[in-house]
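Undergrad: Below: sequence and its predicted model.
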2 protein chains.
Amino acid sequence: MLPISQLDESSNSPLYRQLYLKIKQLIESRQLAKGDRLPATRELAGQLGLNRTTVSAAYELLESEGLITGHVGRGSFVAESISKRTQLNWSDVLDPATQSQAAPASTPLASFSSSRPSELLFPLEEFRASCKEVIQSAEAQTILQLGSPSGYAPLRRYLLEAARAESLARDTDDILITSGCQQTVDLLQRTLARNGETVLLEDPVYLGVRHVFERGGSRLIGVPVSDQGLDLEALERILTRERPKLLVVTPNFQNPTGATLPLASRKALLRITQAAGVIVVENDIYGPLAYEGDSFAPLKRLDETGDTVLLRSFSKLAFPGLRVGWVIGPRPLIEKLTEAKQWSDLHTDQLSQAVLLRFAESGRLEQHRQKMLMAGRERLHAVLAACEKYLPQGTSFTRPRGGMSLWVRLPGGLDAGELLPRAEREGVTYLPGKYFAVSHPQPNSLRISFAGMTPDQIRSGVAILGRIFQNELERMRAHSPLIEAPAMV
Amino acid sequence: MLPISQLDESSNSPLYRQLYLKIKQLIESRQLAKGDRLPATRELAGQLGLNRTTVSAAYELLESEGLITGHVGRGSFVAESISKRTQLNWSDVLDPATQSQAAPASTPLASFSSSRPSELLFPLEEFRASCKEVIQSAEAQTILQLGSPSGYAPLRRYLLEAARAESLARDTDDILITSGCQQTVDLLQRTLARNGETVLLEDPVYLGVRHVFERGGSRLIGVPVSDQGLDLEALERILTRERPKLLVVTPNFQNPTGATLPLASRKALLRITQAAGVIVVENDIYGPLAYEGDSFAPLKRLDETGDTVLLRSFSKLAFPGLRVGWVIGPRPLIEKLTEAKQWSDLHTDQLSQAVLLRFAESGRLEQHRQKMLMAGRERLHAVLAACEKYLPQGTSFTRPRGGMSLWVRLPGGLDAGELLPRAEREGVTYLPGKYFAVSHPQPNSLRISFAGMTPDQIRSGVAILGRIFQNELERMRAHSPLIEAPAMV
């Protein structure tokens, strides 16, 4: 006899379902073992004072779930164990060559390690207003329905018109909305460099760009970046012996160095790449964050051939948690990218596209940008002053005029990767240079991303780093063998 | 002298900016040609009654934008044309082998061609309430900040606990939130089948699944699908000669056929694939939409090895415009998928993740599902009755018990692809079988997706199709040569 108590006739749950749950519990608690025979429906109905069809319904449900099996004429049995079957060895199945160490710890709260705006600066009320306007509108129904791989049409129109007004899109150009700039780079790799092509990247470069091309099997060549942006002489030297398919370049406030390419170099870069038939991908996600002085013309505007591919995004300026970016380029390329986009994820989330459109066209984005510029300027001054004051003599660092990061080179053989754990123990994080290397590792370097912190946090953080680096320098000097002048003979 | 009128001193726009705009206009309208020399700053200042620094500021801005170039001691010139530079030939640059015909026209309004819910059924008020609760909450700031590649933690917890309660996740499983099921399939291809592996797909299969593996360079083998789901005998035959890496299968209401795999076949499928070491990817996005009878246990629950990879999504049940899906599988696999996700698009949009979590945990999703089940049942009955009534004799079609689509096979050599333009002229669309073929084209077949239309639309639409197909059959019969019995000799 099954150890089942009376069912509850007053419950909202139907009797067959109550019975089903009780038997399921017996199976799961192993009071009913695999292979055990269940009582005949008539028998159990009698025991519990139920209609026989109630018991049948419970058995059917158990069977449909694979918990019991019925054999005509023999009755129902608890499903047989299939536990002898072997589990896959997932480490064997997953290509060991692609197994990698864990990604860098994701964005600690107070740190120099993430190139993102501070959430304290988010214009929450303006976001809420934009969101409410969108969801109350008649458009809401359309937004919730399946959309187009190209992007939410009103946002595409808005961004393309804005780009045309800034001379950043020609008649031969089109636009694709993506789920942020990381996806744009991924789609470009999948469309332009899927067959092991050679790709030129800035060196150092944002690790997300390197990862995309590395994973996609491209052959990477790093073009050094100095305080004045991409080293064009190095680029020309490389182009005498290589036939790269494309160059990804960040003329404004490059991640990780913060460097900006001067106007004359922009023109020279276009001349050089056009002569060599290299596609130029201009990553301009930091462009709108110019804290000091005027911005230079984007490559996309300077390039009269119209071939430059321009990447922009809302993430650095507004809300990184809403994943919306875009790419402007020649129509045949945008068509191929759109196809790749469709099979990657059908289309970008439409709620965020609509909310960001509302945020932008209402003027709230530009208002917010002005506040971001003030805050950014203050943070930039704080970090430059703190680096000047606290970092050991012999340290050099870039002096960005916008963006979110600067690049520090430590003196005397210090290794920024080795020193990181000490900094972390004191609550300060940064990303060591090794994460950004393409062809030229710079173990003495680190990226300081200052935009996410307050000026006070910046000062205390850099002070701690300065002390750690200084201590290590002194320790190394104390332990280095004395070099005595040999006797003159 | 430049044709520039007086500037407006009372305007909000600074004088240097007004001047900059006027000169820019002259350049753009070609009143100033490339190479033209601009007046010296002193000269223009005198002409317009301005301070000389105002003119300098305007010139600097023009120069920073690349519109003019300054030469010390010689003055400023309108930037030289670089129009002689050649444009890239984008058709050459883009690999011709990957150039494809345009994607099928995107989702006409009243049609049988899209497997998606009707927007008339969207619970707009419940969506608005969920959205407002999210944006008003203290969590809003976190949601707007950069998130984790794994997904929004509260949503991950909620879905994983729900899966555990349904015996769909073991202790060895983990979860990754994706930007919808299309992305999940893409990440699986990139993680498990990036090196030309053999992949088994249902035949016919949803074109988005086929495209992902095809574009990723996999070797595809189609396993036929009948009314009773995947043909297991065919599967076993294939496995005697092939060593596929994985099988993607949709046991519930398969797209495009609507077929459901019976319980016994599910168990057999697990036995067969486990013996052959084939990874099973269970696409269950239609599972919650069972209109008739109980659902069978998912493979993920039946599989005691825990190796089955389960795909689910909010898109078919709630709002397809919000792109959120998830995958549950063994932890080592989820780790690799998460890494692939990070470099694909950093993470899934957090606003939609949070809104869908609120929609689900408030009970609104389940309430809405109940309404969707009623509506789906009504539409399913309508489409089955209409097919029975209007399609020509000899037509066969599947009889799904849930989901969004059924599969029609036309008699007498009709070609569904050839007949589509006629249907479109009468305002009815569907997708011909050819879009879904893997190894076995079925030109006489078509998919009818009924979920997005009202029962009335379904009846009129199928009636039109029936008439078109019938007419064509009669036309073909009238033109086929008479086969006369030869004289007996």
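TA: All right, it came through fine.
Undergrad: Can you spell out the domain ranges of chain A, please?
TA: Here the domain parsing of chain A from automatic domain parsing is A:15-78, A:121-363, A:366-474.
Undergrad: For the second one, the averaged confidence score.
TA: It refers to domain A:121-363. The average of the pLDDT scores along domain A:121-363 is 96.
Undergrad: Start and end of it, how far apart?
TA: Start-to-end span of domain A:121-363 (Cα to Cα, to the nearest Å) is 17 Å.
Undergrad: Same question for the last one.
TA: The first and final residues of domain A:366-474 sit 48 Å from each other (Cα to Cα).
Undergrad: does chain B sit close to it?
TA: No: using Cβ under 8 Å from any Cβ of the partner chain, domain A:366-474 stays clear of chain B, with a minimum separation of 9.1 Å. (Glycine included, C-beta is placed from N, CA and C.)
Undergrad: closest to B:Leu159 out of the domains of chain A?
TA: If you check each of these against B:Leu159 by Cβ to Cβ, domain A:121-363 wins as the nearest, at 17.6 Å.
Undergrad: Nearest spatial neighbour of the spatially most central residue of chain A, chain-adjacent residues omitted?
TA: Centroid-nearest residue in chain A, with Cα atoms, centre = their mean: A:Gln182, separated by 5.9 Å. Leaving aside its sequence neighbours, A:Gln182 sits nearest to B:Leu346 (Cβ to Cβ, 6 or more residues apart in numbering or on different chains; 4.7 Å).
Undergrad: likewise A:Arg422?
TA: A:Ile468 (5.2 Å).
Undergrad: Then A:Pro3?
TA: Per Cβ to Cβ, 6+ apart, closest to A:Pro3 is A:Gln31, 6.8 Å.
Undergrad: before we move on, what about A:Ser64?
TA: B:Asp294 (4.6 Å).
Undergrad: Could you look up the SS state of the one you found?
TA: coil (DSSP: H, G, I helix; E, B strand; the rest coil).
Undergrad: List the contacts of it.
TA: A:60-61, A:64 (Cβ atoms under 8 Å, 6 or more residues apart in numbering or on different chains).
Undergrad: For it, grab phi and psi.
TA: phi -80, psi 160 (degrees, to the nearest 10).
Undergrad: And A:Cys387, by the same measure?
TA: With angles defined as degrees, to the nearest 10, A:Cys387 sits at phi -60, psi -40.
Undergrad: Run through the strands of the stretch 301-450 of chain A in chain order.
TA: A:309-313, A:325-330, A:396-397, A:405-409, A:431-432, A:445-449 (DSSP state E, counting those that start in this stretch).
Undergrad: Looking at A:Glu80 now. What's its pLDDT?
TA: pLDDT, read off for A:Glu80, is 58.
Undergrad: one step back: A helix includes the residue nearest to the centre of chain A, no?
TA: Yes: assigned with three-state DSSP, A:Gln182 falls within a helix.
Undergrad: pretty sure it is touching A:Tyr206, no?
TA: No: judged on Cβ atoms under 8 Å, A:Gln182 makes no contact with A:Tyr206 at a distance of 9.3 Å.
Undergrad: per-residue pLDDT, A:Val72?
TA: For A:Val72, the predicted pLDDT is 71.
Undergrad: what's the burial count for it?
TA: 5 (other Cβ atoms under 10 Å in any protein chain shown).
Undergrad: Next: A:His381.
TA: 14.
Undergrad: ditto for A:His347
TA: 27.
Undergrad: so it touches A:Ser148, yeah?
TA: Yes: with contact defined as Cβ under 8 Å, A:His347 reaches A:Ser148; the gap is 5.9 Å.
Undergrad: Distance of A:Thr454 relative to A:Ser118?
TA: With distances taken as Cβ to Cβ, to the nearest Å, A:Thr454 is found 7 Å from A:Ser118.
Undergrad: part of a helix, is the residue nearest to A:Arg422?
TA: Yes: under three-state DSSP, A:Ile468 sits within a helix.
Undergrad: helices and strands around the strand ranked longest in chain A, which ones?
TA: Taking DSSP state E as the criterion, chain A has its longest strand at strand A:219-226. Contacting strand A:219-226 under the criterion 3 or more Cβ pairs under 8 Å, 6 or more residues apart in numbering or on different chains; DSSP states H and E are the following elements: strand A:198-203, helix A:207-215, helix A:232-241.
Undergrad: Let me have the ones you listed in TSV, adding distance to B:Gly217 and mean neighbour count as columns.
TA: Converted to TSV, the helices and strands packed on strand A:219-226 look like this (distance: least, Cβ to Cβ, whole Å; neighbours: other Cβ atoms under 10 Å in any protein chain shown):
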stretch	distance to B:Gly217	mean neighbour count
strand A:198-203	19	25
helix A:207-215	14	21
helix A:232-241	29	15
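Undergrad: Nearest to chain B, out of those?
TA: Closest to chain B of the helices and strands packed on strand A:219-226, according to Cβ to the nearest Cβ: helix A:207-215, at 4.6 Å.
Undergrad: show me the contacts for the nearest residue to A:Gln189 once chain neighbours are set aside.
TA: Spatial nearest neighbour of A:Gln189, excluding adjacent residues (Cβ to Cβ, 6+ apart): A:Gly216 at 4.3 Å. With contacts defined as Cβ under 8 Å, 6+ apart, A:Gly216 is in contact with A:189-190, A:193-194.
Undergrad: What residues does the stretch 101-250 of chain A have near chain B?
TA: Near chain B, when you scan the stretch 101-250 of chain A using Cβ under 8 Å from any Cβ, you find A:103, A:106-107, A:114, A:116, A:119, A:122, A:124, A:127-128, A:131-132, A:135-136, A:140-149, A:178-180, A:182-183, A:186, A:190-192, A:194-195, A:208, A:211-212, A:215, A:245.
Undergrad: Whichever of those residues end up buried, select them in PyMOL.
TA: In PyMOL syntax, the buried subset of those is picked out as below (16 or more other Cβ atoms under 10 Å in any protein chain shown):
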select buried, chain A and resi 107+114+116+119+122+127+131+132+135+140+142+143+144+145+146+147+148+149+178+179+180+182+183+186+190+191+192+194+211+212+215+245
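Undergrad: Out of the residues of the stretch 101-250 of chain A next to chain B, which sit inside strands?
TA: Per DSSP E, those map to strands at A:Thr178.
Undergrad: before we move on, the earlier item: and the residue nearest to A:Arg422, how far from A:Glu139?
TA: In terms of Cβ to Cβ, A:Ile468 sits 53 Å off from A:Glu139.
Undergrad: do you know how far the residue nearest to A:Ser64 is from B:Ala275?
TA: When B:Asp294 is compared with B:Ala275 (using Cβ to Cβ), they lie 29 Å apart.
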